[in-house]
Structure formats: C-alpha cells, structure tokens
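Undergrad: Here's my sequence, what's the structure:
(one chain, ligands or ions: 2)
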Amino acid sequence: MNLSNVFLKSSKTSYLKKVAYFLRIGALVELFLTPKPGLVDLIDSGSHRDLDFDKMYRSILIMKDYHDELITGLCDGFSFADLQQIGIKAETRMYDMFGTNTHKGYIFLSGLLLCSLYLSDDSQDNIRLKIIELSKEHFSDDKKFTNTFGGIANECLKGLPSVFEEGLPALSFYYSFSKDIKTSLFYLLARLMQTVEDTTAIRRCGIEGLKRLKRDGFEIERSILLGENYKNLLISINREYQKLNLTMGGVADILGICVGFFYAKKTGITLLF
Ligand SMILES: CC(C)(COP(=O)(O)OP(=O)(O)OC[C@H]1O[C@@H](n2cnc3c(N)ncnc32)[C@H](O)[C@@H]1O)[C@@H](O)C(=O)NCCC(=O)NCCS
Ligand SMILES: Nc1ncnc2c1ncn2[C@@H]1O[C@H](COP(=O)(O)OP(=O)(O)OP(=O)(O)O)[C@@H](O)[C@H]1O
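TA: Ligands and ions are numbered 1, 2, ... in the order given. As a prediction, the model looks like this:
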C-alpha cells in the first residue's frame with residue numbers, strides 16, 4: 001500500500017469513528033431523556049420488565065467494540081456478507097450479556113449508516129440511495145422480514161425517511177428558534193410518535209397501539225407548541241402505557257440516530273448535509 005492510500009485509510013477510519021461516537025451519544029441522550037412514555041429512562045423502565053437503566057447504559061457502551069470492528073472491516077474492504085456477520089455477532093453478544101433485546105434495532109441502524117457513509121460520497125441523496133441498496137440486499141432473504149407491517153425493514157428500504165424527512169428537520173426547526181435543547185428533544189419525540197411505524201408498539205398492542213402513539217404524539221406536540229407544562233402530560237401517558245404494556249422502541253431508536261447526526265453536525269463533522 002502506498003503512502004497516500006495509508007493516509008486515506010486512516011482519515012476514513014477516524015471520520016467513521018467520530019460518526020460512530022456521536023451515534024452512541026445519540027443513544028445515550030435518548031436513554032437520559034426523561035420522562036418518556038413506555039420507555040426506559042432515569043425514573044423507571046416504562047413498559048419493559050426485562051430492561052433497566054443500567055442494562056441499557058452498559059449496552060450502549062459495549063456498542064463501541066462493534067462499531068470499531070465494523071469500521072476496521074469497512075476500511076479493510078470486507079464484503080457486505082462479512083460486515084453483516086459482524087452485526088449478527090454484536091446482536092448475539094447483546095443477548096449473551098443482557099439476556100434480552102436491549103439495542104437490536106440500534107445495532108442494525110447504526111451499522112447500516114456507517115456502511116452507507118463509507119460507501120457513498122458527500123450528499124444526502126447518495127447516502128439514502130446507499131441505505132436503500134444495502135437494505136435491499138440485507139432483506140432479500142425473507143427470513144429477515146419478521147414483520148409484515150412497517151417496521152425497521154420498511155424504514156430502511158425507503159432510506160430512513162423518519163430520520164431525513166421527519167426527525168432531523170423537526171429537531172432543527174424547534175431548536176433554531178427556541179435554543180431549548182430539552183424541549184426540542186421532546187418535540188422530536190412527539191413528531192416521531194406520529195410518523196414511525198413502530199413494530200414494538202404493534203407487537204404489544206396491535207394496530208390500536210400504533211394509533212395510540214400517533215394520538216398521544218399529536219397531543220404532546222400541541223402542548224409543547226402552546227407552551228403548556230408538557231411534562232405532566234408525558235408522566236400521565238407513561239402511566240397509561242405501563243398499564244397497557246405499550247412501548248415505542250422504534251421511535252426511541254430513530255430519535256437516537258437523529259440526535260447523533262444533529263450533534264455531529266453541530267460539532268463540525270461534515271456529514272453530507
Ligand atoms: C434487521 C433486524 C435487526 C430486524 O429485527 P426483527 O426482525 O426482530 O425486527 P423488529 O421489528 O423486532 O425490530 C427490531 C428493532 O428495531 C426497532 N424498530 C421497530 N420499528 C422500527 C421502525 N419503524 N424504525 C426503526 N426501528 C424500528 C425496535 O427497536 C425493534 O426492537 C434483524 O432482522 C437482523 O437482520 N439482524 C442482523 C443484524 C445485522 O445484520 N447487522 C449488520 C448491519 S450492516
Ligand atoms: N429507552 C428505551 N427503552 C426501551 N426500549 C428502547 C429504548 N431505546 C431503544 N429501545 C429499543 O426498543 C427495543 C426493545 O423493545 P421490546 O422489548 O418491545 O422488543 P422485543 O424484545 O423484541 O419484544 P418483547 O420484549 O415484547 O419480547 C430494543 O430494540 C431497543 O433498541
């Protein structure tokens with residue numbers, strides 16, 4: 001390998017490592033955001049008897065090994081099939097360490113994003129096309145399609161519209177005029193509750209569960225825009241979700257990705273848009 005190739009490889013590695021770092025920060029910000037209906041946060045485990053704050057926190061920290069391994073594989077020119085094996089191994093490690101699904105969705109989404117960033121040039125359209133291309137390859141095997149409605153597969157096959165068309169614009173919009181990051185994050189949560197086809201909600205409560213997320217997301221957004229005390233609303237919705245066993249893991253995952261990108265951009269990492 002000549003000197004310029006060595007330089008190119010090390011600059012790509014450090015770029016992807018910075019992005020991966022911010023994706024983990026996004027997951028941490030999501031976890032710390034409190035109160036969140038149905039989800040694990042600083043106060044309770046929402047509707048997740050098998051999860052708690054400590055497990056979720058450690059699950060995010062151990063994602064670093066997975067991201068590092070994936071980035072090394074990418075920069076060493078591994079095939080997509082080999083990169084997928086790295087993702088599957090990370091999923092297995094997660095189940096072995098925590099005995100449950102702590103971050104299956106996030107492992108997949110963050111891995112897909114890192115692969116797509118590496119393989120595309122600097123424009124949002126190109127990264128989205130790459131996400132679609134890789135997702136088509138990943139989900140070509142019907143066995144990986146466990147859900148018939150919405151879900152992470154459809155989200156990825158459309159190039160993450162919940163991130164690029166809904167989440168990032170919503171977060172930037174609210175933050176640009178309020179400069180209030182906490183309320184901006186709850187505004188983002190409210191918008192994503194209305195748009196993400198969350199299969200964790202469907203599995204727990206059927207289509208009624210998804211409709212409930214949309215209705216409550218609308219109410220939270222309304223309350224924020226009217227300048228009301230939206231925290232009490234979030235607390236009471238959390239109590240109701242606990243009774244119903246309703247949750248929204250997909251909304252949480254997409255929120256984490258949006259926050260990761262938002263902070264990466266704020267700290268000056270050129271991220272295509
Ligand atoms: C794609 C995977 C994770 C989907 O898992 P599964 O079929 O169980 O889907 P499921 O609907 O349960 O979703 C998994 C998780 O995604 C999140 N999620 C749910 N709905 C959505 C949504 N609409 N958008 C985004 N995330 C969502 C939730 O956190 C959920 O727990 C799985 O099939 C897989 O292929 N894992 C291997 C990992 C891999 O190959 N990684 C390589 C990356 S390059
Ligand atoms: N703060 C959070 N609290 C709970 N779940 C979260 C949080 N952040 C992300 N998630 C995602 O939600 C998913 C967990 O949802 P859930 O427990 O319903 O899935 P499951 O294990 O597939 O289903 P079940 O527990 O009903 O068997 C994880 O993939 C996780 O990534």
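Undergrad: What residues does the stretch 151-273 of the chain have near ligand 1?
TA: Residues of the stretch 151-273 of the chain found near ligand 1 (Cβ under 6 Å from any ligand atom) are Gly151, Ile152, Glu155, Val196, Glu197, Asp198, Thr199, Thr200, Gly249, Gly250, Asp253, Ile254. Just so you know, the C-beta spots here come from the backbone N, C-alpha and C atoms, and that holds for glycine as well.
Undergrad: Let's see that with 5 Å instead.
TA: If contact is defined as Cβ under 5 Å from any ligand atom, the residues of the stretch 151-273 of the chain in contact with ligand 1 are Gly151, Ile152, Glu155, Val196, Glu197, Asp198, Thr199, Gly249, Gly250, Asp253.
Undergrad: Any chance of TSV for the residues you listed, columns neighbour count, distance to Tyr57 and pLDDT?
TA: Formatted as TSV, the entries for those read as follows, by neighbours: other Cβ atoms under 10 Å; distance: Cβ to Cβ, whole Å; pLDDT from 0 to 100:
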residue	neighbour count	distance to Tyr57	pLDDT
Gly151	21	26	91
Ile152	26	22	95
Glu155	24	25	96
Val196	31	23	97
Glu197	17	28	96
Asp198	30	22	97
Thr199	23	24	96
Gly249	28	16	98
Gly250	25	20	98
Asp253	29	16	98
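Undergrad: In strands only, show me the residues you listed.
TA: Judged by DSSP state E, these include no members of strands.
Undergrad: And those residues, which is closest to Gly87?
TA: Each of those was checked against Gly87 using Cβ to Cβ; the closest is Ile152, at 12.6 Å.
Undergrad: got the buried residues for the host helix or strand of Thr92?
TA: Assignment of secondary structure by DSSP states H and E places Thr92 within helix 80-98. For helix 80-98, burial by neighbour count (16 or more other Cβ atoms under 10 Å) applies to Leu83, Gln84, Ile86, Gly87, Ala90, Glu91, Arg93, Met94, Phe98.
Undergrad: doesn't Ile71 make contact with the third one?
TA: No: here Ile86 does not reach Ile71: they are 9.8 Å apart, not a contact under Cβ atoms under 8 Å.
Undergrad: For ligand 1, give me its nearest residue in the chain.
TA: Taking Cβ to the nearest ligand atom as the measure, the point where the chain comes nearest ligand 1 is Gly87, at 2.1 Å.
Undergrad: give me every residue that touches the residue nearest to that residue when sequence neighbours are not counted.
TA: Here the nearest residue to Gly87 in space, its sequence neighbours aside, is Gly111; by Cβ to Cβ, 6 or more residues apart in numbering that works out to 4.7 Å. Under the criterion of Cβ atoms under 8 Å, 6 or more residues apart in numbering, the neighbours of Gly111 are Tyr66, His67, Leu70, Leu83, Ile86, Gly87, Ala90.
Undergrad: Tell me the secondary structure of Gly111, please.
TA: helix (DSSP: H, G, I helix; E, B strand; the rest coil).
Undergrad: on that earlier part again, give me the subset of the residues of the stretch 151-273 of the chain next to ligand 1 lying in helices.
TA: Residues from those lying in helices, with DSSP state H as the criterion: Gly151, Ile152, Glu155, Thr199, Gly249, Gly250, Asp253.
Undergrad: Rebuild these as CSV, extending it with distance to Glu240.
TA: What follows is those, written out as CSV (distance: Cβ to Cβ, whole Å):
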residue, distance to Glu240
Gly151, 24
Ile152, 25
Glu155, 26
Thr199, 20
Gly249, 17
Gly250, 19
Asp253, 22
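Undergrad: and which of the residues you listed is nearest ligand 2?
TA: Distances from those to ligand 2 were compared by Cβ to the nearest ligand atom; the smallest belongs to Gly249, at 2.0 Å.
Undergrad: what's the closest of the contacts of Gly111 to ligand 2?
TA: Using Cβ to the nearest ligand atom, Ala90 is the member of these that sits closest to ligand 2, with 12.4 Å.
Undergrad: tell me the contacts of that closest one?
TA: Residues near Ala90 by Cβ under 8 Å, 6+ apart: Met63, Asp65, Tyr66, Glu69, Ile107, Gly111.
Undergrad: ok, so of those residues, who is nearest ligand 2?
TA: When these are compared for distance to ligand 2 (Cβ to the nearest ligand atom), Ile107 wins out at 8.0 Å.
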